[in-house]
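S.K.: with the input below, show me the fold.
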Amino acid sequence: MLSAEEAFRRLAIGDRVLLEEVVDPDGDLEVPRLDEWTESLIRVAVLVPIDAPQSSYQAAVEAAMRAGATIDDLLATLIAVTGAVGSPRVVSAAPRIALAAGYDVDAALEASDAFGR
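M.R.: A predicted model of the protein is given here:
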């Protein structure tokens with residue numbers, strides 16, 4: 001396994017072999033990795049500041065849920081990045097993440113408006 005220092009040096013110079021290993025963890029090099037659950041939630045989190053489209057959230061949330069994440073974990077992830085990304089990005093991401101997890105916020109809001117709530 002590469003040391004963290006060696007990996008940082010190689011990443012800093014754009015080492016293609018290491019970059020390929022980072023993208024394809026089935027390669028020959030061993031690099032430190034987080035567990036699947038944590039990595040999947042990070043992949044959801046990194047979509048928030050770039051205002052990703054629904055399709056990106058769909059893929060990331062489905063992967064997170066396959067790794068064992070719950071809708072509560074997804075909400076906690078969104079809350080964790082709020083201070084760094086700002087509330088406009090969180091407001092934009094919230095219904096996309098929820099929809100990808102199976103909860104349609106827009107439909108729920110429309111239903112509550114229909115009943116005066």
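
S.K.: what's the closest non-adjacent residue to residue 56?
M.R.: In this structure, residue 56 finds its nearest non-sequential neighbour in residue 47, 5.4 Å apart by CB to CB, 6 or more residues apart in numbering. C-beta coordinates here come from the backbone N, C-alpha and C atoms, glycine included.

S.K.: which residues of this structure score low on pLDDT?
M.R.: Within the chain, the stretches with pLDDT under 70 are 25, 27, 114-117.

S.K.: just want the most central residue of it.
M.R.: By CA atoms, centre = their mean, the mean C-alpha position of the chain lies nearest to residue 44, the distance being 1.3 Å.

S.K.: pull out the buried positions in stretch 77-86.
M.R.: 77-78, 81, 85 (16 or more other CB atoms under 10 Å).

S.K.: with stretch 54-61 instead?
M.R.: In stretch 54-61, counting by 16+ other CB under 10 Å, buried: 56-58, 60-61.

S.K.: next: stretch 59-72.
M.R.: Those would be 60-61, 63-65, 67, 69, for stretch 59-72 by 16+ other CB under 10 Å.

S.K.: and the end-to-end length of it?
M.R.: 18 Å (CA to CA, to the nearest Å).

S.K.: and which of the buried residues of stretch 59-72 is nearest to residue 108?
M.R.: residue 61 (17.3 Å; CB to CB).

S.K.: what's near enough to touch the closest one?
M.R.: Taking CB atoms under 8 Å, 6 or more residues apart in numbering, we find residue 61 in contact with 44, 69, 74, 97, 100-101.

S.K.: next, format those residues as TSV and append distance to residue 23.
M.R.: Below are those laid out as TSV (distance: CB to CB, whole Å):
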residue	distance to residue 23
44	18
69	22
74	24
97	24
100	23
101	26
